[in-house]
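Undergrad: the following block contains a protein sequence and its predicted model.
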Amino acid sequence: MLPVGNPAIGDDFIDREKEIDQILSALEKDSVLLIAPRRFGKTSIMRRLEKELLSQDGLCVFIEVEDIDSPQRFLSEMVMALLGSERIRRKVKIRSTFEKSFNWFKENIEEVLVYVFRAKLRSNIEADLKGDWTEKARLIFEIINDFESNIYFIVDEFPIAIKNMDSEDAEKFLHWFRKLRQISENLRFIVGGSVSIDRVVRDVGGVSVINDFKRAQIGGFRKEVALNVIEKVFREKEWQYTESTGDKILNCVGEACIPYFIAIMLSAIEEEYVSRDVEINEELIEDIYNFRILGSEGKHYFEHYSQRLRIFYTGMAGMEEKAARAILRRVSSEDYYPLDLAFGIFKQETGVDDHERFMDLIADLENDFYIENDSPKGLTFYSRMLRDWWRLYHGEIK
Amino acid sequence: MAKSSDIILYRYSPEIMPEDILRKLFVGREKVLESLFEELESAARNETPRFYLIVGPRGIGKSHLLVLLYYEIKNKLGSLLIPVKLAEEEYSVFRASDFFLRILEEQSAETTDILALGREDEILYAALEKLVQLSKKDGRRYLVFIENLHQLFKQFDTAELQKLRSIFQQYDIFSVVASTPMIFPGVSEHDEPFYNFFRVQHLREFSLDEITTLIRKIAEVEGNEKFFSDFVGYAERIHGMVHLTGGSPRLVILFYEMITRGELEDTEDAFFKIIDEHTPYYQEVFQLLSPQLRILFDTLISSGAPATPKQIAEKSRIPLPTVTTQLRRLEKDGYAISRRKGRHTYYEVRDRLFRLWREMRQPFGRKRVSVLLEFLQLWYTPEEQKALFERNFKLLETGEKTALRDLCYYAEIQPPEFRAEALLKLAPKLLELGELKEAAYEIRKLKEIVAETGDKELEDKVWQHEVALLLFEGRGEDALEVLEKVLEINPKDESVLRTKGIVLSYLKRYDEALDAAEKTKEVATSESSKIRAALISIEANISLYRKSDATSEIEKIKDRIPEQEPHLIEDFVEICLNLALDELKAENSGNASGLMKTAYDASTNLEEAKVASLTMAFLKNTIESGELHIIKAAVDEVIQLQGDRYQNILRPITEAIGIVETEDTQRYYRLQVEEREIVADIVRKIAQSDELLPAELRY
C-alpha cells in the first residue's frame, strides 16, 4: 500500500523510471535541483536515487537538513555522513586523511563505545568549525576532491536549512556552496525540498547562486503507472478491481496523477472498507471523493496550498497574494480561463498595469503547481482534485 | 472509599489487563487490527517505516487497540520488529534526545555512558547511534507505540520536533503507531514539522450490536451467570444508553456495572462522574480550537439536535460560507459528524458525551439539563421512575431540602400516566418552600398536559395552583384575572368563587370579597364549602370593622365546626382568638371571653399540639401589644378556660407579669437560665425598656 506521509522507500516506491533516468543522466555533468510542491514524492525519489547510485557502486550519502540552522552544522552533517558511510570508508582512506588535517578524533575509538565516539566526533567537528568555517570547509573539500571516485550528496529539505540560517550566514553559505560545485569535479549534489528554493534564495542573494543546478521537475505519475499502482494495491488487499474502478479513481485524482492524492484516495477507500465492509465500486469512490476528500478530509491535505500563498506570495505589499487568490478563484470555476482576463484581475487587485509582473506571478503559480498555462486555451488548475477543492472552499459564491 | 465504578474502570484498563482478557474483550475493531498488522508486517519485511496516528475520542478504545497490536507484533513479528511501548503520559520527554533515551530504557539498555556526555546534541546522537547499532546487530527495526501524541508534542518545541522528524526521515529503522483523542495543530498545521506526516486512522463508535456483544463478554469474564438470565430485561436500557451517549466502550463498561449492581441512585452518581472525569479533556479540546471554531463548535453542541449549516449560521451569527467550511473542518478533525437527510446535511457533535458534558456545565436553573432528563428516562423503568419520585418526595416532606433538585428531575421524567399526579404534588410543596420559579415551571408543565389531554378534572386542579402561585408572587390582580376566566366558563363553580373571595380579601377589596363569599354559600354543595365561605365572610367583616357581623357569623357556624376538617377548625379557632384579642384591646372582655370559649369549644377534635400552637400564637400576639392589662386578661382567660393545661406555655408570661408588677428583678435568678431570656424578652415588650432586665440581658 502506498504510504501516506512518510517517504516511499524500498518496495513502497513506485515506478518513476523516467524521472530517475532523467536525473541520473543529468548528474553526469551537473548537480540537480528537484522541483515539486509538497507531497509530490521528492524525498521518495531522493531515497530511490541513493539506492540506484549505491547499486552502481557509487559513493553516495543522504542527509536531511530540516533541523540545520547554520553553515557549520551543515558541514558537520556532510562530514559525518561521509565518515558514517561504510562504503566510503572502505573505498577511500577518509578517516586517516581527515585525522591528519583535523583535530576531531580526540577519543580513541578502541577506548570508548562506537556510539559515544561518533557523538563526540560530531560535536568536535562542530566546535572546530565555529568561527571562520570557510577556511575549514575549503580544507575539507580539498581532501574530498582528492578522492578518485565521484561522491554524491543527496540533500533533503535544503531550502528549509537555508531559511533557518541567519541571512548573512545564508548568503555566505550559498555563495560558498556555488563555488564548491564549480570547482569540485567529482562532487555532485541533488537537492530538493518542500519549500520553493527560488523564493528562499531570492531573499538572500538572488537566484544566481543556484542557476547552475539542472532542474528536474517532478510531476505526477504517468497514467499507466498510476493505474498499475491502483491495481496492485487492490490485489494486495484482495479487493475487487475493475478497469472502470481504476479509471474512476484517477478521474477523481485528475490528470496530474499526483501520488499523494492517489494514496489519499486509496487510504480513504481502505478506511471505508474496514469500518463498513462495503463493496468497492464507482459509486462508493464518488461518495468518498465528494464527502471525504473534498468534504471532510480534503481540507487537511489541501489547506497548505492556500496557506502557502500567504507565506510566500508577499510581494507588492501583500497585493501579490490578493491577485493570486483572485485569479485562482476565477480559474477554479472554469475549465480554462483566458490569460488576458486573468491580467485584468491582476490589474484590478494590484492597481498596477504591469504585464511583466503579471507573467512573473503566473510563472510562480505554475512552478508551484497550482495552475498550467495551456496556451491558447488559457489557465487551468494543474490538478482536478485541487481545482474542485479550491472551488468549494475558495471559489466564487454565486 | 473507591466506588465500584472506579474499581471496574481500573480493572478494565488496557494497561493492566492480562493479554487473554484483552483479546476476549476486543470487539468491533478486528478488521482495523488486522489491517494495521498486515501493513506493519509488509513494511517490516520490506524494511520500510510506517507512521500511523489512531484518532478517536476518550474511551473509544485506542489504548485497547494499541496494546493488543503491541502483543500481536511481539508475538508474531518479534524476529523483524522490536516493539517499544511508551507510557500513557511521558512527562520527562521533551527533547528528541529524551525520546530516544526512553526507547533505550524500555529495552533495558545501558545509558549511563551516553548521559555522561553532558551536551544535548551529543546525547541525542549517541542514543541514536546506539539504537542503530542494536538494530543492526539484531536485524530488527523499532516500532514505537505512543499514546496521547498531542501531549507529547506539546512538550517539544519546534526545533526539537524538527530534529525528530528529520531523524525519522533519515533513519529507516523507526516506525511509530501513535494515538490521540483529536487531530491537533502539530499534525494538521501546514507550518508544523509533522504536518501530514502520519497516516490517520479514525476509530468510530460501537454499534448497538457491538456494545451488546461487549457487555456479554464482560459478563462472561466476570462469570456473571445472573446477568445472562436477566439479559432480555437489560436490552432496552442498553439501547437507550447507546442512543444517549454514543457507542463508547468505556461507557459500556460502566453501564455494565450500573446494570448489574442495580442500585438506582448510584446510577446518576456514576453518570455524573463519567462526565466530570472528561472535564480536563474537553476543556483541552476547546482550547485547541481557534476562537471562531470554538464559537461554532459550542453552537453545534448547544443545538441539542443535529442542525444544518444554515441553522448554525443563524444561531452563531457567522456567515454561512464560513460556517460550511468550518463545519467540514470540524468533521475532518473528528469533532463533528454529518448525515445526509433528504436535501440537507445535518451536523452534530461526534462525541455525544461531549454534548452532555457541555450541558452539565450550565448553571442549574429552570432550564433542565435535557441530557440528564433523557438519561433518566431511558435508564429507569416507569415503575422505577415513580418509586424515585415517591422516595424523594417523602424526603422533602421530612425537611430534606437537598432532595428538591433531584425531585424536579424525577417529576419531569415521570411516565405520562403518573406525571400529572407527581406535578400536582410537587407544585404546592414548591410554593410552600418558597421556590416560586420552580413552582411556576411545574405549573406551566401541568397546563401543557391539560392542553394536550383536555382533562377537565386536572384543569380544575391546575388553576388553583396557578392562583396560589400568583398570590405568592404578590400578583393578586393576575390571580383574579385567572379566576374570572374560569368563572366565564362556569359562573357557579363554588371552588372558584371561594378562591375569588380569598383573593379579593388579599387585595383588600373586602366588600367584593363578602359578595363572593355570599355567592359561594348560595351554590355550595357541601357543608365544608359553606363553612369556608363563612370564614371568608368573617375575615372580610373583621377587616371592614364590622365586628358584630363577624360575630354573628361565628355564632351561626360554631356548632358545625368540630365536625369539619382540621385545617378549617384551625382557621376558625385562629379567627376567633384574633377577634378575641381585638375585643380585649377594645376592653370588651365579655366578648373576648365568649370568643375564646367558642374557639376552645370548637377545637375539641384538633390534635393537642395544634391547639397548643394556636394558643401560643394568640399569647404572642397579646404580648406584642405591650399592654399589661391585656396580657393579664388573656392569660387569666386561658387559665379559666383550660385550667393548667397550658401552664408550661403560660409560666414565662406569668413570671414576666410578676416582675413588671413588683419591679423585682431578683425574681429572674429564681428562674432556670434558659427561661430567664424568654421572660426578659416578654418584660422588655411589656415595659418597652430594659429597665427591668438583669444587667447581663440588657442591650
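TA: Okay, I see it.
Undergrad: C-alpha from now on. contacts and neighbour counts both.
TA: Will do.
Undergrad: tell me what the helix or strand where B:Lys445 lies is packed against?
TA: Counting by DSSP states H and E, the secondary-structure element that holds B:Lys445 is helix B:436-453. Using 3 or more C-alpha pairs under 8 Å, 6 or more residues apart in numbering or on different chains; DSSP states H and E, the elements in contact with helix B:436-453 are helix B:416-432, helix B:456-472.
Undergrad: with mean pLDDT, mean neighbour count and distance to A:Phe343 as added columns, please give those helices in CSV.
TA: Conversion of the helices and strands packed on helix B:436-453 to CSV gives the following (pLDDT from 0 to 100; neighbours: other C-alpha atoms under 10 Å in any protein chain shown; distance: least, C-alpha to C-alpha, whole Å):
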stretch, mean pLDDT, mean neighbour count, distance to A:Phe343
helix B:416-432, 87, 18, 71
helix B:456-472, 87, 18, 74
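Undergrad: what comes up buried for the helix holding B:Lys445?
TA: Of the residues in helix B:436-453, those with enough neighbours to count as buried (16 or more other C-alpha atoms under 10 Å in any protein chain shown) are B:436, B:438-443, B:445-447, B:449-450.
Undergrad: and the residues you listed, which is closest to A:Ala268?
TA: B:Lys445 (49.5 Å; C-alpha to C-alpha).
Undergrad: including distance to A:Ser333, could the helices and strands packed on helix B:436-453 go into JSON lines?
TA: Formatted as JSON lines, the entries for the helices and strands packed on helix B:436-453 read as follows, by distance: least, C-alpha to C-alpha, whole Å:
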{"stretch": "helix B:416-432", "distance to A:Ser333": "57"}
{"stretch": "helix B:456-472", "distance to A:Ser333": "63"}
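Undergrad: angle of the helix holding B:Lys445 against helix B:456-472?
TA: 160 degrees (axes from the mean of the first three to the mean of the last three C-alpha atoms, to 10 degrees).
Undergrad: what lies in contact with helix B:436-453?
TA: B:366, B:420, B:423-424, B:426-428, B:430-431, B:456, B:458-459, B:462, B:465-466, B:469, B:472-473 (C-alpha atoms under 8 Å, 6 or more residues apart in numbering or on different chains).
Undergrad: if we use 7 Å, what do you get?
TA: Helix B:436-453 is contacted from outside by B:366, B:420, B:423, B:427, B:430-431, B:458-459, B:462, B:465-466, B:469, using C-alpha atoms under 7 Å, 6 or more residues apart in numbering or on different chains.
Undergrad: which of those residues sits closest to chain A?
TA: Proximity of the contacts of helix B:436-453 to chain A, judged by C-alpha to the nearest C-alpha, is greatest for B:Arg366, which lies at 37.9 Å.
Undergrad: B:Ala599: how many residues sit nearby?
TA: 26 (other C-alpha atoms under 10 Å in any protein chain shown).
Undergrad: got the contact list for it?
TA: B:Ala599 makes contact with B:573, B:576-577, according to C-alpha under 7 Å, 6+ apart.
Undergrad: next SSE after the helix or strand where it lies?
TA: For B:Ala599, the host element (DSSP H and E) is helix B:589-602. Scanning forward in sequence from helix B:589-602 by DSSP H and E, the next helix or strand is helix B:608-625.
Undergrad: so which bits of that following helix are buried?
TA: B:611, B:614-615, B:618-619, B:622-623.
Undergrad: helices along the stretch 551-699 of chain B, start to end?
TA: In the stretch 551-699 of chain B, the segments counted as helices under DSSP state H, counting those that start in this stretch are B:566-585, B:589-602, B:608-625, B:628-642, B:647-662, B:673-687.
Undergrad: who's in contact with B:Val55?
TA: Contact partners of B:Val55, counting by C-alpha under 7 Å, 6+ apart, are B:179-182, B:200-203.
Undergrad: for chain A, see how far away it is.
TA: With the distance defined as C-alpha to the nearest C-alpha, to the nearest Å, B:Val55 ends up 13 Å from chain A.
Undergrad: next one: phi and psi at that residue?
TA: Dihedral angles of B:Val55 (phi, psi; degrees, to the nearest 10) stand at phi -120, psi 130.
Undergrad: what does B:Val200 give?
TA: As for B:Val200, its main-chain torsions (degrees, to the nearest 10) stand at phi -90, psi 130.
Undergrad: that one bridge partners, please.
TA: B:Leu53 (DSSP bridges).
Undergrad: report pLDDT for it.
TA: As predicted, B:Val200 sits at a pLDDT of 85.
Undergrad: that one: how many residues sit nearby?
TA: B:Val200 is flanked by 21 other residues according to other C-alpha under 10 Å.
Undergrad: next one: B:Ser526
TA: By other C-alpha under 10 Å, 10 other residues sit near B:Ser526.
Undergrad: could you check how far it is from B:Glu555?
TA: Per C-alpha to C-alpha, to the nearest Å, B:Ser526 is found 19 Å from B:Glu555.
Undergrad: swap in B:Thr299?
TA: When distances are taken as C-alpha to C-alpha, B:Thr299 and B:Glu555 turn out to be 68 Å apart.
Undergrad: more neighbours: these two, which one.
TA: Counted by other C-alpha under 10 Å, B:Thr299 and B:Glu555 do not tie: B:Thr299 has more neighbours, with 18 against 12.
Undergrad: now do B:Lys85 against chain A, distance only.
TA: Relative to chain A, and taking C-alpha to the nearest C-alpha, B:Lys85 is found at 21 Å.
Undergrad: that residue contacts B:Glu147, correct?
TA: No. In this structure, B:Lys85 sits apart from B:Glu147 without contact. The criterion is C-alpha atoms under 7 Å, and the distance is 8.7 Å.
Undergrad: of the two, who's got more company?
TA: Taking neighbours as other C-alpha under 10 Å, B:Lys85 and B:Glu147 compare with B:Glu147 leading, 24 against 19.
Undergrad: now A:Asp368. Its backbone dihedrals?
TA: Backbone dihedrals for A:Asp368, given as degrees, to the nearest 10, come out at phi -90, psi 10.
Undergrad: actually B:Thr48, sorry about that
TA: Torsion angles at B:Thr48 (phi, psi; degrees, to the nearest 10) stand at phi -120, psi 150.
Undergrad: what are the boundaries of the strands in the chain?
TA: Using chain A here. Secondary structure of chain A (DSSP state E): strands at A:32-35, A:59-64, A:151-156, A:187-192, A:214-217, A:371-374, A:378-381.
Undergrad: the intended chain is chain B.
TA: B:51-55, B:81-85, B:141-146, B:174-180, B:199-202, B:336-341, B:344-349.
Undergrad: and the shortest one, what other elements does it pack with?
TA: Put plainly, it is strand B:199-202. Under the contact definition 3 or more C-alpha pairs under 7 Å, 6 or more residues apart in numbering or on different chains; DSSP states H and E, strand B:199-202 sits against strand B:51-55.
Undergrad: the residue located most distally from the centre of chain B and A:Asn150, how far apart?
TA: Summary for chain B: using C-alpha atoms, centre = their mean, the residue whose C-alpha lies farthest from the chain's mean C-alpha position is B:Lys137, with a distance of 61.5 Å. In this structure, B:Lys137 and A:Asn150 are separated by 30 Å, where distance is defined by C-alpha to C-alpha.
Undergrad: repeat that for A:Arg48.
TA: For A:Arg48, the distance to A:Asn150 equals 18 Å [C-alpha to C-alpha].
Undergrad: what does B:Ser63 give?
TA: B:Ser63 is 50 Å from A:Asn150, by C-alpha to C-alpha.
Undergrad: between these two, which is the more surrounded one?
TA: Each of B:Ser63 and A:Asn150 had its neighbours counted (other C-alpha under 10 Å), and the higher figure belongs to B:Ser63 (22 against 17).
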